[in-house]
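Undergrad: Give me a 3D structure for the following:
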Amino acid sequence: MQAVQSDQVSVGWDERVLAAHTTPHYMQSSTWQAIRSGGPWEVTRRDLGTGHDYPVLVFERHAEGFGTLAHLPRVSGVTAGDVAPLTERIRAERGAAFATKLEVHQPRDEELVDALATCGWLPTRASQYRHTVIVDTALSDEEILASMKKRARSEIRIAEKNDVLVGRAELSDENREHMLDLVRETEERSGAFFRGAGYLARVWQAFVADDRGQLYFAWHGGRVVAGAFVVRFGANAWYKDGGSLRDQPQLMASRLLQWGIIRDLAASGIRRYDLGHVPPPADPDAPGQGVLTFKSAFARDVLEYMPAFQLAHEGRAEQWRRGENAFIARHLERAGDYWY
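TA: Next up, the predicted model:
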């Protein structure tokens, strides 16, 4: 695939992140830095390596009544042995931050959890999802299909028999509006939270401009019935936003849409496709059971990421840690948007 990237891509920065992080996430990319720098967050590039290069984007925002919170989202490549020197460096360079939130983009690791606790990090509210389903797109089509549950394979065949078509779509003004309509209909039907239309459109456009995002549609009889926006960074991809019409669920269009995306990503050299949030499988009362049923049919296991941790720099950090849920809820009610 030929890369046609905007001027905002920082090749040097992104190459460093891709080399140093074990599962490089788009939230550590120059594209995400440009997106978030346009709002209430101040983003800086830091080298938090201790004896090795470890580039990290640090996001800072003023929390009313508390001060500045520093946030390190979706970092990876952290070992238990890294925690003590990493903690010392964060404390030394914390600036005006009253606390630092760390979200490690790695499978739950009890040794790493213990190392963080030993160095003074306390469990805190995660801003990003903790459970997901990963499709190994480094495999052949036959191997990927074999790794799915029977339900997924059956529904793919049903959609094909129903003459559903799937493929890439240009992010034109018309297609963007189609996608926003699908997202809003899904939001109303499921109760799931999506960001505002302006925010979504800006994010999609930024990733497309940097050749790191792609819109996909499913059509039936010439009508768009399902859509998905997928983000890529390095050899990893994420199902970021999606939606579908509610009036023809029997088409199984969303199932075939994801299968088409998986095949396209595999052909493009992507090796890992993260399907996004699912509720904890051990909690049958958690909201989103339909999402879990749909996504978990694409792979055998649900992955649990590391919990979020907070490092206090001032006494008020503990008040924030205990009251963050209420703070975020009040902000959402007042501003109609997610604080993070």
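
Undergrad: mind listing what the nearest residue to residue 109 once chain neighbours are set aside touches?
TA: Distance criterion Cβ to Cβ, 6 or more residues apart in numbering; nearest residue to residue 109, sequence neighbours excluded, is residue 306 at 6.6 Å. Backbone N, C-alpha and C define where each C-beta goes, glycine included. Listed by Cβ atoms under 8 Å, 6 or more residues apart in numbering, the contact partners of residue 306 are 103-109, 112-113.

Undergrad: who does the lengthiest strand in the chain pair up with?
TA: For the chain, the strand with the greatest residue count under DSSP state E is strand 223-233. Strand 223-233 pairs in its sheet with strand 213-220 (antiparallel), strand 236-244 (antiparallel), by DSSP bridges.

Undergrad: May I see those organised as JSON lines, with distance to residue 117 and mean neighbour count added?
TA: Putting the strands paired with strand 223-233 into JSON lines (distance: least, Cβ to Cβ, whole Å; neighbours: other Cβ atoms under 10 Å) gives the following:
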{"stretch": "strand 213-220", "distance to residue 117": "37", "mean neighbour count": "22"}
{"stretch": "strand 236-244", "distance to residue 117": "28", "mean neighbour count": "22"}
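
Undergrad: Residue 17: which of the contacts of residue 306 is nearest?
TA: Proximity of the contacts of residue 306 to residue 17 was ranked by Cβ to Cβ; the top entry is residue 105 with 11.5 Å.

Undergrad: distance of that closest one from residue 75?
TA: Distance, residue 105 to residue 75, by Cβ to Cβ, to the nearest Å: 6 Å.

Undergrad: Next: residue 210.
TA: From residue 210 across to residue 75, the span is 20 Å (Cβ to Cβ).

Undergrad: same check, this time on residue 315
TA: Distance of residue 315 to residue 75, given as Cβ to Cβ: 26 Å.

Undergrad: and if you look at residue 110?
TA: Residue 110 is 19 Å from residue 75, where distance means Cβ to Cβ.

Undergrad: now residue 317
TA: Distance, residue 317 to residue 75, using Cβ to Cβ: 20 Å.

Undergrad: more crowded one of these two?
TA: Using other Cβ atoms under 10 Å, the more surrounded residue of residue 317 and residue 75 is residue 75, with 28 against 22.

Undergrad: Let me see the contact set for the more buried one.
TA: Applying Cβ under 8 Å, 6+ apart, we find residue 75 in contact with 21, 25, 28, 56, 102-105.

Undergrad: and it, bridged to which residues?
TA: Note on residue 75: beta-bridge partners residue 104, judged by DSSP bridges.
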